[in-house]
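Student: predicted structure and sequence below. I'll ask about it afterward.
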Amino acid sequence: MADRLYLRHSTDKQTDTRQRHALAPLLAAGAPVYEDPATSSHVLSLYRTAFSTSFLATLRSVARSP
């Protein structure tokens, strides 16, 4: 299964810089990145666009694997 990266932060004052730094090898290898803007943790994951898209991509990938 391919690596997929989901990035998010909770407030407008935060960034994903540290996440990107920690994931640099995967980013350099071309792993797809799904990113939501600053989102409160009160918003369920499945209601976040990028999370839902990455989750569905993973399900499709698993369904196709032998």
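Tutor: Looks like it came in fine. Bear in mind that the values here come from a model prediction, so they are computed numbers and not experimental data.
Student: what ranges do the helices span in the protein?
Tutor: For the chain, applying DSSP state H gives helices covering 17-22, 24-28, 49-64.
Student: let's have these in JSON lines, adding distance to residue 11 and mean pLDDT.
Tutor: Every residue, glycine included, has its C-beta placed from N, CA and C. Formatted as JSON lines, these follow (distance: least, Cβ to Cβ, whole Å; pLDDT from 0 to 100):
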{"stretch": "helix 17-22", "distance to residue 11": "14", "mean pLDDT": "93"}
{"stretch": "helix 24-28", "distance to residue 11": "23", "mean pLDDT": "93"}
{"stretch": "helix 49-64", "distance to residue 11": "17", "mean pLDDT": "79"}
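Student: out of those helices, which comes closest to residue 8?
Tutor: Evaluated over the helices of the chain, closeness to residue 8 peaks at helix 49-64, with 7.4 Å, by Cβ to Cβ.
Student: helices and strands around the closest one, which ones?
Tutor: strand 5-7, strand 33-35 (3 or more Cβ pairs under 8 Å, 6 or more residues apart in numbering; DSSP states H and E).
Student: next, the buried residues of that helix.
Tutor: 50-51, 54-55 (16 or more other Cβ atoms under 10 Å).
Student: so which of these is the closest to residue 37?
Tutor: Out of the buried residues of helix 49-64, the member with the shortest distance to residue 37 (by Cβ to Cβ) is residue 50, at 8.8 Å.
Student: for residue 64, see how far away that closest one is.
Tutor: From residue 50 over to residue 64 the distance is 21 Å, taken as Cβ to Cβ, to the nearest Å.
Student: one step back: save the helices of the chain as TSV, and put in distance to residue 41 too.
Tutor: Compiled in TSV, the helices of the chain are given as follows (distance: least, Cβ to Cβ, whole Å):
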stretch	distance to residue 41
helix 17-22	16
helix 24-28	24
helix 49-64	12
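Student: wait, which of the ones you listed is closest to residue 36?
Tutor: Using Cβ to Cβ, the helices of the chain put helix 49-64 closest to residue 36, at 4.4 Å.
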